[in-house]
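Asker: for reference, the sequence and a predicted model appear below.
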Amino acid sequence: MRDIYDRNHKEQVFNVGDQVYLSTRNLDPKHTGLPNSSKFGPKWIGPYTVARKVHNHAYELNIQAGNKLHPVFNTGSLKPYKESTRLSKPSEVIHADGSVGHVIKSIKGKRRRKRRTEFLVEWIISRKSQTL
């Protein structure tokens, strides 16, 4: 059984300083500040920063002092944090007339949803916003 599991399973390895999400599956809502109903609560919380590697399959996280959680978690309860670039806000630009707005590079597509037209837009990003 172990051989079959190991063939299809990739071990998660995190480095100190990596950001990870924490699964709420086995957490008590009283200690996390989450809603009492797991049905309406988030499945993952975070991101938290990895403070140190305790064991091959256990990591200590930097958790806020308000949470009454033990800071060491198994890799099965962690997943890597990936910053979303899809829904990022475009940078604000001051136009010649003094108004603040955004500059569109091109319109990639459009669709109709619930009597509204939605556009897929490629924004021109200024160098100032890329460094932030």
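Answerer: Structure's in. What do you need? Residues are numbered from 1 along each chain as shown.
Asker: please count neighbours and contacts with C-alpha atoms only from this point.
Answerer: Noted.
Asker: buried residues in the helix ranked longest in the chain?
Answerer: In the chain, taking DSSP state H as the definition, the longest helix is helix 2-8. When neighbours are counted by 16 or more other CA atoms under 10 Å, no buried residue of helix 2-8 is found.
Asker: same check on stretch 47-54?
Answerer: P47, Y48, T49, V50, A51, R52, K53.
Asker: host element of the second one?
Answerer: Counting by DSSP states H and E, the secondary-structure element that holds Y48 is strand 44-55.
Asker: just for this structure, where's the confidence low?
Answerer: 85-91, 125-132 (pLDDT under 70).
Asker: assign a three-state SS to the residue lying farthest from the centre of the chain, would you?
Answerer: Going by CA atoms, centre = their mean, the residue of the chain most distant from its centre is D97, 37.6 Å out. Here D97 is recorded as coil under DSSP: H, G, I helix; E, B strand; the rest coil.
Asker: now do the phi/psi pair for it.
Answerer: Note on D97: backbone dihedrals following degrees, to the nearest 10 are phi -80, psi 0.
Asker: partners of the strand holding Y48 in the sheet?
Answerer: Using DSSP bridges, the strands paired with strand 44-55 are strand 19-23 (antiparallel), strand 58-62 (antiparallel).
Asker: what sits against the closest residue to G46 other than its chain neighbours?
Answerer: Among residues not flanking G46 along the chain, Y21 sits closest, at 4.9 Å (CA to CA, 6 or more residues apart in numbering). Residues in contact with Y21, defined by CA atoms under 8 Å, 6 or more residues apart in numbering, are W44, I45, G46, P47, Y48, L78, K79, P80, Y81.
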